[in-house]
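Participant: Sequence below, structure please.
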Amino acid sequence: MSELKLPSIDYAALAPILIMLGAALVGVLVEAFVPRHRRHLVQLSVGLLAVLAALTMVVLNADDRLITAGSAIAVDGPTLFLQGAILVLAAMALLLIGERAVERGG
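Facilitator: Predicted coordinates:
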């Protein structure tokens, strides 16, 4: 019987993806357990914190050039650029969607 060999995983390189996945899971829990009148502020806060944390990890990974997760995911310049661009656009979208001064209640 052959021995099972697990792939090497660099969690720091995957951190932006894992942070956004964790925020999505927290968002589902917020919808389930936070009272309706507080959901908007909590969801917006969770979303913005997650985007900023993921963007921070993208900047910290700027010098990384590697293939991880059993040769399934490449982390290099174009990957980090696209992740960063998507996160900046996500932050702007959250801020625009979160603004409720014009139309009360969203």
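Participant: How many residues are close by residue 32?
Facilitator: Neighbour count for residue 32, taken as other Cβ atoms under 10 Å: 7. For glycine as for every other residue, the C-beta is placed from the backbone atoms N, C-alpha and C.
Participant: need the contact list for the residue lying closest to residue 70 once chain neighbours are set aside.
Facilitator: Nearest non-adjacent residue to residue 70, counting by Cβ to Cβ, 6 or more residues apart in numbering: residue 7, 3.0 Å away. Residues near residue 7 by Cβ atoms under 8 Å, 6 or more residues apart in numbering: 69-72.
Participant: From residue 13, how far out is residue 7?
Facilitator: 13 Å (Cβ to Cβ, to the nearest Å).
Participant: Okay, buried residues for the helix ranked longest in the chain please.
Facilitator: When the chain is parsed with DSSP state H, its longest helix is helix 36-60. Going by neighbour count (16 or more other Cβ atoms under 10 Å), the buried part of helix 36-60 is 42-44, 46-48, 50-51, 53-55, 57-58.
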